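Student: Sequence plus the predicted model coming up.
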Amino acid sequence: MDVRIGISQTPKELEIELDEDRTRAEILEKLTEDLASDGVMTLTDKHGKTILVPVAKIAYVEVGAATASRRVGFGNS
């Protein structure tokens, strides 16, 4: 599962690949709780790295599909 986070006043985004064993609903519930807390959003990627983002700096969060469904190359539509 991919999560993309936009940070205020920063042109780049954080792209995080989460473990495939978590469902989209679980991830959305956790993100909603973290964003409502006005503190720090915490995510752990599929390699075990922990990412901490201050909620006050978050512009948007995108929760995408699992990485296995991503297509790369010419002719994909």
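Tutor: Cool, got the structure. Residues are numbered from 1 along each chain as shown.
Student: Just give the nearest non-adjacent residue to Ile19, would you?
Tutor: Not Ile; residue 19 is Asp. Spatial nearest neighbour of Asp19, chain neighbours left out: Lys46 (5.0 Å); criterion: C-beta to C-beta, 6 or more residues apart in numbering. Backbone N, C-alpha and C define where each C-beta goes, glycine included.
Student: Tell me if I'm right that that neighbour and Glu20 touch.
Tutor: Yes. With contact defined as C-beta atoms under 8 Å, Lys46 counts as touching Glu20 (7.4 Å).
Student: which one of these two has more residues nearby?
Tutor: Lys46 (14 against 11; other C-beta atoms under 10 Å).
Student: Tell me the secondary structure at the more buried one.
Tutor: coil (DSSP: H, G, I helix; E, B strand; the rest coil).
Student: Now for it: which residues touch it?
Tutor: 17-20 (C-beta atoms under 8 Å, 6 or more residues apart in numbering).
Student: Do you have the strands of this protein handy? List them.
Tutor: With DSSP state E, the ranges of strands along the chain come out as 2-7, 13-17, 40-44, 50-54, 58-63.
Student: Let's have those strands in a markdown table, adding mean neighbour count, distance to Asp34 and mean pLDDT.
Tutor: A markdown table is the format used below for these (neighbours: other C-beta atoms under 10 Å; distance: least, C-beta to C-beta, whole Å; pLDDT from 0 to 100):
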| stretch | mean neighbour count | distance to Asp34 | mean pLDDT |
| --- | --- | --- | --- |
| strand 2-7 | 16 | 11 | 92 |
| strand 13-17 | 14 | 13 | 92 |
| strand 40-44 | 15 | 4 | 90 |
| strand 50-54 | 12 | 9 | 92 |
| strand 58-63 | 14 | 9 | 91 |
